[in-house]
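Would you be able to build a 3D model of this:
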Amino acid sequence: MTSEDPVLTLRAPDGGVVGEVAAVAELVVPDGRTVPVPPVRVTSDGGSAVHATGSALGLEVSARWSAPSSTGRREVRVDVRCTGTQPVDACLRIAVDLPTDPEPPWWLVPGVFYGENRPAGCARLFPRFAPASLDLQEMVSDRWAFRADRASTPAVLAWTSGGGVALVAAELSDVGMTGVGFAHDARAGAGRVHLTFPFREEPLSYDGSATPRTAELSTFRWEPGARTTVTFAAYGLSADRHGYAAVLAEQHRHNRRLARLRPWSGIGESAAIAAEGLWRWHYDPDPGVLLETAAFDRGISGADGASLDRPAMHVGWVSGIPWAYALLVHGRRAVDQPYTAAALRVIDHICAELSPSGTFWGVWYRGLGWSQSWSPVQGALHSRTLAEATQFLVRALELGDDLRERSSWVRAVRSNLDAVVARQRGDGNLGSAHHAVNGSVLSWEGAAGLAWVGALAEAGRWDGADGADGAYLRASERAGEYYAQFVEEEFLNGAPEDVDLAPSSEDGYVAVMAYMALHRRTGDARWLRLARRAADWTLTFRYTYDVTFPPGTLLERYDFGTRGADNASPSNQHLHSYGLVCSAELAELSRALGDPLYVERARETLACFRQLVPRFDGEVNAYRGMVTERYYQTACFQPKGMVLTLSHAWSVGVLLLACEQALLDPDLAEQPF
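Presented below is the predicted three-dimensional model:
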């Protein structure tokens, strides 16, 4: 070999070169300089396995790359030995250089980074990729590196026009927490992906706020004679970005052997606890609302003397009809009159007063009444919130003939669906924000309008004469075609009100529910394919491993397992349980495809969030049935290992919903692996 020969060439399944490993490894020293470890010897087993050794800075590095498996996975082991007489402080980095390409690569760090990650017009600040850029105040850079626990699977993937590369590791190694990252050189038209042991976060560290934190630059000290080992896996991929799905599924199969599931209670007991919590802590009969938050500590107030509870209710999303529906299902099954009466009263209250534009309002506030969504735009109502409320109202009306006699419910369903169908753009877009008074569409950006697809598709009883296919289904199919581009481009965004146009796990839930509803209504295989693709994208946010929490923190002391939890979004980096909302759809998808993956992952999530639900007053420093919204798995918002000490109506409600769905579906109720 010559000095310019790569240690290893990664190839796509078709044989094309997708990446090269130029050195045995790199050493990143405390001042940020990168020192290559050039190969002194490279040997092969006669096939595709490679063993390379080299030395630099008093460290001897040996890298063994296995031949690709039948799935294209290479197992890699890197041994480091300090051969000098002085300690060495550094990071070990394994980098793969991508082929030159006129366009920048498309990046994926699962749960953390998607393509450019933040659209240019997004009002929320969080890390964004842009070629030849570095603006720390705006959090824009052409290179990013992150600590592994931010990622749902510690991995970095990138695609150029000819194919892709994936590097996958564990959260921890002999030298500390792993780091994942990528970089792009616009002048050379070249990018690279890398793993760093221990991690470095640069050019800044994101803590969930709009103020960038200083980069976090860790190192490891190799004492003379010390030996360490790190392992990871590498793939060469085809040009189809969706190749991530097979990579992450294989890593999930590997990780699940190491991360046991540990729910605190059975499904039926969890349903009873959640129903009690929703009714006891969030329901207020005057005027009939599910208050959005209830503080764990009932004996303190804020600096202004007001309660820490939030005296407000969205019609959907973080409160409102979806969770009243879950309570209604439970109340009717358990023949519990107070729960049933509470659920009916909440839905009655929401349906009693629609906005002048014909849709639901966004939020009810005590002392103010009904108002708009969380938006800086005057009069704006958020599509996903309205649509989710409508979809679950449609479902509530299917629970019995007695409910279909509630004229305000029927009127609300028809009014919401008629209003949005009338506003549909010619290309199928249903709009992301609507004016509460005049009904004009205030924003067409993002995929929040996709939530209407499920509501429209499920409203067959109200669509056309005698249930015949009518305007609702036609609008749903046109919208399904329009929003398919977001699924196919692997970038869904805009569903939650609070992160503007950021991509989020909630966008995935919306898409799965929408396309499964279309497939259920029509039987069209195209909708099933889109549902599967959307589910795969959704699972990029779902943790495949158990994060290691700092000793003494609440999550460590309670042995909280993160496998099955979702990172909320690249902007909102905490674990949440909202993925339970599409449990039934994931089970339905598995049955339709004959592939157990999706129902297995749904069962896993249900097991995960039957942890840390207090079974008696005082457990977890809370009251029975309170459920937190946030579990802090990384350095964002709060120290790792904490939880938010507020119970949220949606957190309790979505657990109740998934438990009730599992009690009706043997596939969901099956003991998870």
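
contacting residues for the residue lying closest to A246 once chain neighbours are set aside?
Once flanking residues are discounted, A246 sits nearest to T71: 6.7 Å by C-beta to C-beta, 6 or more residues apart in numbering. C-beta coordinates here come from the backbone N, C-alpha and C atoms, glycine included. Neighbouring residues of T71 by C-beta atoms under 8 Å, 6 or more residues apart in numbering: 235, 246, 250.

The last one - how many residues pack around it?
Applying other C-beta atoms under 10 Å, we find 18 residues neighbouring E250.

now G225
G225: 10 neighbours (other C-beta under 10 Å).

wait, doesn't it sit right on T85?
No: the criterion here is C-beta atoms under 8 Å, and G225 misses it with T85 at 9.7 Å.

which stretch of helix or strand covers the residue of the chain most remote from its centre?
In the chain, the greatest distance from the average C-alpha position (C-alpha atoms, centre = their mean) is reached by T85, at 47.1 Å. If you go by DSSP states H and E, T85 is not part of any helix or strand.

Give me the phi and psi angles of it.
phi -100, psi 0 (degrees, to the nearest 10).

That one: what's it in contact with?
So T85 contacts 58, 224 (C-beta under 8 Å, 6+ apart).

confidence score at it?
The model reports T85 with a pLDDT of 95.

Which SSE is immediately downstream of the lowest-mean-pLDDT helix or strand in the chain?
Lowest on mean pLDDT, DSSP states H and E among the helices and strands of the chain sits strand 41-44, with a mean of 90. Counting by DSSP H and E, the element after strand 41-44 in chain order, helix or strand, is strand 50-56.

what distance separates that next one from the centre of its chain?
38 Å (C-alpha atoms, centre = their mean, to the nearest Å).

what does stretch 263-271 give?
24 Å.

any idea of the mean pLDDT in that stretch?
Per-residue scores along stretch 263-271 average to 97.

How about stretch 333-351?
Per-residue scores along stretch 333-351 average to 97.

in it, what's buried?
Burial within stretch 333-351, assessed by neighbour count using 16 or more other C-beta atoms under 10 Å, is assigned to 336, 339-347, 349-351.

can you check stretch 108-126 too?
108-119, 122, 125-126.

Now do it: distance to the chain's middle.
13 Å.

tell me how far the ends of it are from each other?
Start-to-end span of stretch 108-126 (C-alpha to C-alpha, to the nearest Å) is 15 Å.

Give me the mean pLDDT for it.
97.

quick one: which of the buried residues of stretch 108-126 is nearest A433?
Nearest to A433 among the buried residues of stretch 108-126 is C122, at 14.1 Å by C-beta to C-beta.

Now for the residue nearest to G367 when sequence neighbours are not counted: which residues touch it?
Of all residues not flanking G367 in the chain, P311 sits nearest, at 7.8 Å (C-beta to C-beta, 6+ apart). Taking C-beta under 8 Å, 6+ apart, we find P311 in contact with 291, 365-367.

want to throw those residues into CSV with pLDDT, secondary structure and neighbour count?
What follows is the contacts of P311, written out as CSV (pLDDT from 0 to 100; DSSP: H, G, I helix; E, B strand; the rest coil; neighbours: other C-beta atoms under 10 Å):
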residue, pLDDT, secondary structure, neighbour count
L291, 98, coil, 21
Y365, 98, strand, 13
R366, 96, coil, 14
G367, 94, coil, 5
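
which of those residues lies closest to E388?
For the contacts of P311, the nearest to E388 is L291 (18.3 Å; C-beta to C-beta).

what about the closest residue to that closest one other than its chain neighbours, neighbour count?
With C-beta to C-beta, 6+ apart as the criterion, L291 has its nearest non-adjacent residue at 5.2 Å, and that residue is H282. The local packing of H282 (other C-beta under 10 Å) involves 29 other residues.

Begin at 38, not 1, for the rest of this chat.
All right, first residue 38 from here; so that's H319.

Could I get the phi/psi values of H319?
According to degrees, to the nearest 10, H319 has phi -120, psi -20.

ok, it to D535 distance?
19 Å (C-beta to C-beta, to the nearest Å).

give me every residue that touches W196.
Neighbouring residues of W196 by C-beta under 8 Å, 6+ apart: 142-143, 274, 276, 278.

Mind checking which of the residues you listed are buried?
142-143, 274, 278.

out of those residues, who's nearest V457?
Nearest member of the buried ones among the contacts of W196 to V457, counting by C-beta to C-beta, is R278, at 31.0 Å.

Hmm, that closest one is touching Y151, no?
No: assessed by C-beta under 8 Å, R278 is found out of contact with Y151, at 10.0 Å.
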